[in-house]
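> Starting from these lines, generate the structure:
(chains A and B)
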Amino acid sequence: MPEAAALVLRLTEIGRDFDVSRPWLNRVIEGAPRQLLRAVDDVSLEVRRGETLALVGESGCGKSTVARLIVGLYAPSRGRVEFDGVELSGGAGAHEVARMRRRMQMIFQDPYASLNPRWRVRDIVAEPIRVLGLARDQQEIAARVAELLRQVGLAPEDGDKYPHEFSGGQRQRISIARALSGNPEFLVCDEPTSALDVSVQAQILNLMTELQQRLGLTYLFISHNLAVVSHIADRIGVMYLGRLVEVALAEDLFARPRHPYTRMLLDAVPDLEMSGKARTPVAGEVPNPLDPPAGCAFHPRCPHANERCTRERPQAIALGATATVACHAVEEGRI
Amino acid sequence: MLPAGAPLLEVRGLRVEFPTRRGTLVAVDGISFAIAPGEVLGVVGESGAGKSLTGMAVIGLLEPPGRIAAGEVRLEGERIDNLPYERLRRIRGRRIGAIFQDPLTSLNPLYTVGEQLIETIRTHLEMGAAEARERALGLLRDVGIPAPESRIDHYPHQFSGGMRQRVVIALALCAQPKLVIADEPTTALDVSIQAQIIQLLKRLAREHGTAVMLITHDMGVIAETADRVAVMYAGRIAEIGPVREVIHAPRHPYTVGLMGSIPKISAGAGKRHGRLTQIEGSMPRLTAIPAGCAFHPRCPKRFARCLAARPEPIPTGANLAACWLYADA
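Numbers count the residues shown, from 1 in each chain, chains lettered A, B, ... in the order given. Now for the predicted structure:
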């Protein structure tokens, strides 16, 4: 990405807690305490116009929660979300926030659950146009829907059908058409290809890349699959237990992963080339997020952990102009 | 005893049908393969290719109205596809173990894992309670569960996803089966846990001489685990051969397209390295499988013969490919 590209989205130390306490009566009778789950903790990120920023991590690392915080499906417990200089989480007026929110849309993982089965495809795609008042009359809406369907590789006649008449890949195309119908500039894509077969996944990834180039879109792309991310991302953020542990340009991250967790994740990717390279399975499992380890959350699984890692939480440090890492061992030059 | 070199499992001309009101659907159409002791055969394909049904047919767990309409399944030379239910039930568990995708549905939430293991062991092996418990502990240790002495009395919900899948594997191994059928055993797990489970399956085949039929949609898992791989498309085997050959020198145009569409992490990653190969269209529905080669409408190399006649597996190099491109010679 050229450095000159303007900042679109800035997250400043955002966090989100979920109350997972037992019901009130149990708390009163059994004296059980309130329990908070820190799904996202102290995440700061910047996204520039026209780039694809991918967030990767294992299940439960908080990547989908970050996506939902950005589009406003959750309110942040702490920190600020700014879109094009306007603070979305309180601060700016409701009118101003609504104006900003129109410029972003979300694509969900499951194309079976995210389309209303009782609506015809043309109504699904037209809904944002109607709600946002982007067309003057029915005729203009119909023309726009036909154009959108063509844009995602479907036929305008497909608008008369219902979602169940389509395969998973075609449904995801419908979701993309719906997301694009409000003329957004920023798309949050939460695992858009995880529910699809590989040959269909390739079709959707190619389509998303084409649309980005043609329409100048900015993507925040959430995925657990590093190979998928390597094909679509300009920059990659790696999350672990609600925290952002490393951010780097895609080519740098795959060539020189810095954080020990990123290294482990890369090692764990099945080796399709069958180079005979011994794959190092990641030892242990992700700890219970209700009771995260003190200090660096990764220290119980980290081969480089020392006493400081068990005690002090590492802050993100800049490595050159494009990368940040939150790791004591990297900071101290031990790895 | 098997004669040396004889396959442990042999499937010949297997055909699975679903009679419906609107006609009979053929979900698996005349497939043949064999697995040797200690060998891992990967069965790969996209959803609806018939890979899971093939596994279900082998262990006799097809859900009615699905049924085996033709062909035979032989375990250690003995035909098992036409056995009465009770006989087959004894074989399942004793000589064939099964591992499914979702570990939570394979375990009974109301019993501790120890109770489930011991019950399974005593169903199939002549053992007293104490001896069975010892064996259960050994199995849990074998599949890499730390502190099995305390974990054995825990309930399934007290285990994490990866640990639960280990318990399911231990359960499948209770009676030292000769054949393990693993249907998407790693799909519900995170990559880091996936690698651990793959290592475990490989060790199993190597150390115990267990034959493994590994069903998955993930070519990466196959590349790491399998000795040979069968690629399925629309209920048929498109190509079968040693895993190295199929991945590095695929012959069938479907395998070629499939391999090209898998995103790979390569040096100089980043999206500027271009488009993924894509296969146009999607797999046909069972109600509309094309005549001739089922892949021909999507195939870049089709010619007249592909529309007219269905290709049988044809040897090409070390592989068998069901493709007319390799017919002459």
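> Give the buried residues for the least confident helix or strand in chain B by mean pLDDT.
When the helices and strands of chain B are scored by mean pLDDT, DSSP states H and E, helix B:103-106 comes last with a mean of 79. By 16 or more other C-beta atoms under 10 Å in any protein chain shown, the buried positions in helix B:103-106 come out as B:103, B:106. C-betas here are computed from N, CA, C, even on glycine.
> what does stretch B:18-27 give?
Applying 16+ other C-beta under 10 Å to stretch B:18-27 flags B:18, B:25-27 as buried.
> And the helices in chain A, which stretches?
Ranges of helices in chain A, per DSSP state H, are A:24-30, A:63-71, A:94-101, A:121-131, A:138-151, A:168-180, A:198-215, A:226-232, A:250-255, A:260-268, A:307-311, A:328-331.
> In CSV: those helices, plus mean neighbour count and mean pLDDT.
Shown next, in CSV, are the helices of chain A (neighbours: other C-beta atoms under 10 Å in any protein chain shown; pLDDT from 0 to 100):
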stretch, mean neighbour count, mean pLDDT
helix A:24-30, 10, 87
helix A:63-71, 23, 92
helix A:94-101, 13, 86
helix A:121-131, 19, 93
helix A:138-151, 16, 93
helix A:168-180, 24, 93
helix A:198-215, 20, 91
helix A:226-232, 24, 89
helix A:250-255, 21, 91
helix A:260-268, 22, 88
helix A:307-311, 14, 93
helix A:328-331, 19, 93
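> Distance to residue B:75 for those helices - can I get that in TSV?
Formatted as TSV, these follow (distance: least, C-beta to C-beta, whole Å):
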stretch	distance to residue B:75
helix A:24-30	52
helix A:63-71	44
helix A:94-101	61
helix A:121-131	49
helix A:138-151	52
helix A:168-180	35
helix A:198-215	32
helix A:226-232	37
helix A:250-255	45
helix A:260-268	35
helix A:307-311	52
helix A:328-331	53
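> Could you export these as CSV, including distance to chain B?
Shown next, in CSV, are these (distance: least, C-beta to the nearest C-beta, whole Å):
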stretch, distance to chain B
helix A:24-30, 18
helix A:63-71, 12
helix A:94-101, 27
helix A:121-131, 17
helix A:138-151, 16
helix A:168-180, 6
helix A:198-215, 4
helix A:226-232, 4
helix A:250-255, 4
helix A:260-268, 5
helix A:307-311, 19
helix A:328-331, 19
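> Nearest to residue B:198, out of these?
Judged by C-beta to C-beta, the one of the helices of chain A that comes nearest to residue B:198 is helix A:260-268, at 9.9 Å.
> The closest one packs against which elements?
For helix A:260-268, the packing partners by 3 or more C-beta pairs under 8 Å, 6 or more residues apart in numbering or on different chains; DSSP states H and E come out as strand A:235-240, strand A:243-249, helix B:191-208.
> ok, residues contacting that helix?
With contacts defined as C-beta atoms under 8 Å, 6 or more residues apart in numbering or on different chains, helix A:260-268 is touched by A:56, A:58, A:226, A:238, A:240, A:245-246, A:253-254, A:257, A:279-282, A:298, A:301-304, A:327, A:329, A:335, B:191-192, B:194-195, B:265.
> now the residue of the stretch 201-329 of chain B found nearest chain A: how far from residue B:241?
Residue nearest to chain A within the stretch 201-329 of chain B (C-beta to the nearest C-beta): residue B:220, separated by 2.8 Å. According to C-beta to C-beta, to the nearest Å, residue B:220 and residue B:241 sit 18 Å apart.
> Is the most centrally placed residue in chain B in a helix, a strand, or coil?
Centroid-nearest residue in chain B, with C-alpha atoms, centre = their mean: residue B:215, separated by 2.4 Å. Following DSSP: H, G, I helix; E, B strand; the rest coil, residue B:215 is assigned to strand.
> for the buried residues of stretch B:18-27, which one is nearest residue B:283?
For the buried residues of stretch B:18-27, the nearest to residue B:283 is residue B:27 (12.3 Å; C-beta to C-beta).
> State whether the closest one is indeed within a helix.
No: assessed with three-state DSSP, residue B:27 is strand; it does not lie in a helix.
> Isn't it up against residue B:289?
No: at 10.0 Å, residue B:27 and residue B:289 do not qualify as touching, with contact defined as C-beta atoms under 8 Å.
> tell me, what's touching those two both at once?
residue B:235.
> pLDDT below threshold where in chain B?
B:1-5, B:266-274, B:329 (pLDDT under 70).
> In contact with residue A:168: list those residues for me.
Here residue A:168 is in contact with A:111-112, A:195-197, A:200, B:47 (C-beta under 8 Å, 6+ apart).
> circling back to that earlier point, could the helices and strands packed on helix A:260-268 go into JSON lines alongside mean neighbour count and distance to residue A:222?
Supplementary listing: the helices and strands packed on helix A:260-268 in JSON lines, determined by neighbours: other C-beta atoms under 10 Å in any protein chain shown; distance: least, C-beta to C-beta, whole Å:
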{"stretch": "strand A:235-240", "mean neighbour count": "26", "distance to residue A:222": "10"}
{"stretch": "strand A:243-249", "mean neighbour count": "24", "distance to residue A:222": "13"}
{"stretch": "helix B:191-208", "mean neighbour count": "19", "distance to residue A:222": "15"}
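> nearest spatial neighbour of whichever residue of the stretch 201-335 of chain A sits closest to chain B, skipping sequence neighbours?
Nearest to chain B, among the residues of the stretch 201-335 of chain A, is residue A:270, at 2.8 Å (C-beta to the nearest C-beta). Nearest non-adjacent residue to residue A:270, counting by C-beta to C-beta, 6 or more residues apart in numbering or on different chains: residue B:220, 2.8 Å away.
> Let me see the ranges of the strands in the stretch 101-250 of chain B.
B:179-183, B:211-216, B:228-233, B:236-242 (DSSP state E, counting those that start in this stretch).
> hmm, back to that, the buried residues of stretch B:18-27: which two are farthest apart?
Within the buried residues of stretch B:18-27, B:18 and B:26 form the most distant pair, 8.1 Å apart (C-beta to C-beta).
> Identify the residues contacting the residue in the stretch 1-150 of chain A that chain B sits nearest to.
Nearest residue of the stretch 1-150 of chain A to chain B (C-beta to the nearest C-beta) works out as residue A:58 at 4.0 Å. Neighbour list for residue A:58: A:224, A:240, A:265, A:286, B:190-192 [criterion: C-beta under 8 Å, 6+ apart].
> what residues are up against residue 194?
Answering for chain A, as no chain was given. A:109, A:223-225.
> Let me rephrase: I mean chain B.
Applying C-beta under 8 Å, 6+ apart to residue B:194 gives the contacts A:268, A:270, B:186, B:221.
> Nearest to residue A:213, out of the residues you listed: which one, please.
For the contacts of residue B:194, the nearest to residue A:213 is residue A:270 (30.2 Å; C-beta to C-beta).
> burial measure for the closest one, as a count.
Neighbours of residue A:270 under the rule other C-beta atoms under 10 Å in any protein chain shown: 20.
> before we move on, what about residue A:5?
13.
> For it, give me its contacts.
A:48-51.
> go again using 6 Å as the cut-off
Counting by C-beta atoms under 6 Å, 6 or more residues apart in numbering or on different chains, residue A:5 makes contact with A:48-50.
> One more: residue B:41?
Applying C-beta under 6 Å, 6+ apart, the residues near residue B:41 are B:35, B:213, B:228.
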